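[1] Return atomic coordinates for the entry below.
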Amino acid sequence: MFIEEYCPGCDADEEQEVISESHDLLVRCVRCGQIHHVPRKATPDRITVRSIVSAGQTSRICTVELGADEECRVGDHLVAECGEDCTGVEVTGIEAGPRRVPVALAAEISTLWTRVIESVVVKISVHKGWETIPLIIECAGEEPFIVGEVYTVDRKKFRITHIKLRDGALLRKEGWKTVAQKIKRIYGTIL
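    Just a heads-up that it's a prediction; the model follows:
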């Protein structure tokens, strides 16, 4: 293992090879070869934060591990532990005491509100004349969808006309694309 530390022989910060680890580190300077001791840096405290993880219509209580001095924001992607399972989630809300805030230090957070982004449910409304047909597809959160492309769901072939994003934006231009985890609803026409 190599670390960047001050070398008394070089009188500068240089790359050091770790020779042994105990109460402190015994290191050898890569540049001049001098062996010396370096105090071990304190590892930041880790805390477990309660997290409500939503997946479609269901929610469950899980936990997220963060550094006590780590800042967490709405929109951050984290890993939630739900019993024996781990899943990728996106932070949708932060409770710090009695208030909802857009950003907080981990030590101040009482509950994180999150949604699963590894596997998401995408709602689709396709039109055939005056008739609207609702469709639902479950897919990977990183699966791309492109305005103007043709897709088939439940044996219904349609072309995407526009995509409504969770942040309120609307993608209408042919060729514009996004990933499933950012989509609120897809609109299209039956072919």
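
[2] Flag the shaky bits of this protein, pLDDT-wise.
    Along the chain, the model assigns pLDDT under 70 to residues 42-44.

[3] Domain-wise, how is it divided?
    2-39, 46-116, 120-190 (automatic domain parsing).

[4] can I get those in CSV with mean neighbour count?
    Where you see a C-beta, it was placed from the backbone N, CA and C, and this is true even at glycine. Listed next are those as CSV, based on neighbours: other CB atoms under 10 Å:
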stretch, mean neighbour count
domain 2-39, 13
domain 46-116, 16
domain 120-190, 15
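
[5] what about the longest strand in this protein?
    strand 85-96 (DSSP state E).

[6] Remind me what that one packs against, helices and strands.
    Strand 85-96 is packed against strand 46-55, strand 71-73, strand 77-82, strand 99-101, strand 103-105, strand 111-116, with contacts defined by 3 or more CB pairs under 8 Å, 6 or more residues apart in numbering; DSSP states H and E.

[7] contacting residues for the residue nearest the centre of the chain?
    With distances taken as CA atoms, centre = their mean, residue 77 lies nearest the centre of the chain, 1.6 Å away. Under the criterion of CB atoms under 8 Å, 6 or more residues apart in numbering, the neighbours of residue 77 are 88, 89, 90, 91, 117.

[8] Of these, which pair is most distant in space?
    88 and 91 (11.4 Å; CB to CB).

[9] Now for these two: what residues contact both?
    With CB under 8 Å, 6+ apart, residue 88 and residue 91 have common neighbours 77, 78.

[10] residue contacts, residue 185?
    Residues near residue 185 by CB under 8 Å, 6+ apart: 122, 123, 124, 125, 163, 164.

[11] Is it in a helix, a strand, or coil?
    Counting by DSSP: H, G, I helix; E, B strand; the rest coil, the backbone at residue 185 sits in strand.

[12] Name whatever forms a beta bridge with the closest residue in space to residue 111 that isn't next to it in sequence.
    Leaving aside its sequence neighbours, residue 111 sits nearest to residue 95 (CB to CB, 6 or more residues apart in numbering; 4.3 Å). Beta bridges link residue 95 to residue 100, residue 111, judged by DSSP bridges.

[13] separation between residue 95 and residue 15?
    From residue 95 over to residue 15 the distance is 44 Å, taken as CB to CB, to the nearest Å.
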